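> got a structure for you, letters missing:
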């Protein structure tokens, strides 16, 4: 399972995603395909990531343009879900697919989460400022609860730091702990991750071990 953490701040959006790509095997286990797979795509002025059906997400990535809006993404998401169903039927992985999309709306950077269900309905949710969203199995949430509570309680905007580097390092340090702990109990998630900060000054991207 992909671990994506989305953070909506007052003046920016941060998205972090692990780098492990897995494939389900016939015995309902999994095999690791890659430990250096980039799950975050950015084209000024948008940032995109997703978990769930890897082919749906890859196809949506290929359709992204710098003028892509949340409405366009929602329509494409619906079409790709229907296309995928004709290929593999009503597979549960389709219904688990979730998209993270950061874009500029009314001079603000907005993080929007798109999800679906087994029928193919599309749901969107705009993340509230100074909150976080993530993809994780509900039964594993307690194992990360203390780290997630700490992250949420200490969310800070860039203007509270002396430099962009100091601000990025602050989040990298906290996110490293989360990804390492998640990797210790979920082998489908890598401890390494990518982090992308979408700010009014531009998009900043780093790979973290």
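Received the coordinates, thanks. Values in this document were obtained by computation on a predicted structure and should not be read as measured data.

> and residue 57, what element?
Element membership for residue 57, per DSSP states H and E: helix 54-63.

> check this structure for its longest helix and report it.
Ranked by residue count, the top helix of the chain under DSSP state H comes out as helix 164-185.

> next one: whichever helix or strand comes after it to chain centre, how far?
Using DSSP H and E, the helix or strand that follows helix 164-185 in sequence is strand 193-199. Averaging C-alpha positions (CA atoms, centre = their mean, to the nearest Å) puts strand 193-199 10 Å from its chain's average.

> find the nearest non-adjacent residue to residue 141, please.
Leaving out its chain neighbours, the residue that sits closest to residue 141 by CB to CB, 6 or more residues apart in numbering is residue 148, at 7.9 Å. C-beta here means a position set from N, CA and C on the backbone, and glycine is covered the same way.

> how close does that neighbour sit to residue 142?
According to CB to CB, to the nearest Å, residue 148 and residue 142 sit 10 Å apart.

> can you count the residues close to residue 196?
For residue 196, the neighbour count with other CB atoms under 10 Å is 21.

> so it touches residue 207, yeah?
No - if you go by CB atoms under 8 Å, residue 196 and residue 207 don't touch, sitting 10.3 Å apart.

> how far away is residue 142 from residue 149?
Distance of residue 142 to residue 149, computed by CB to CB: 11 Å.

> which residue ranges of this structure form helices?
Using DSSP H, helices in the chain cover 54-63, 70-88, 92-95, 141-153, 164-185.

> who does the one helix or strand in the chain whose mean pLDDT sits lowest pair up with?
Lowest mean confidence among the helices and strands of the chain (mean pLDDT, DSSP states H and E): strand 21-24, at a mean of 86. Strand pairing for strand 21-24, using DSSP bridges, gives strand 30-34 (antiparallel).

> and the angle from the strand it pairs with to helix 54-63?
20 degrees (axes from the mean of the first three to the mean of the last three CA atoms, to 10 degrees).

> what's near enough to touch residue 127?
By CB atoms under 8 Å, 6 or more residues apart in numbering, the residues touching residue 127 are 6, 8, 110-113, 133.

> any idea which of the residues you listed has the most stuff around it?
Of the contacts of residue 127, with other CB under 10 Å as the count, residue 111 tops at 26 neighbours.

> what sits against it?
By CB under 8 Å, 6+ apart, the neighbours of residue 111 are 6-8, 13, 15, 100-102, 126-127, 133.

> show me where the protein dips below the pLDDT cut-off.
28 (pLDDT under 70).

> circling back: export the contacts of residue 127 to a markdown table and append columns for distance to residue 57.
What follows is the contacts of residue 127, written out as a markdown table (distance: CB to CB, whole Å):
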| residue | distance to residue 57 |
| --- | --- |
| 6 | 15 |
| 8 | 21 |
| 110 | 20 |
| 111 | 17 |
| 112 | 16 |
| 113 | 14 |
| 133 | 17 |
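
> so which of the contacts of residue 111 is the closest to residue 154?
Nearest to residue 154 out of those is residue 7 (CB to CB; 11.1 Å).

> that closest one reaches residue 13, doesn't it?
Yes - look at residue 7 against residue 13 with CB under 8 Å: they come within range, at 6.8 Å.

> related to what we said a few turns ago, TSV for the helices of the chain, including distance to residue 40?
Below are those laid out as TSV (distance: least, CB to CB, whole Å):
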stretch	distance to residue 40
helix 54-63	10
helix 70-88	15
helix 92-95	20
helix 141-153	18
helix 164-185	13
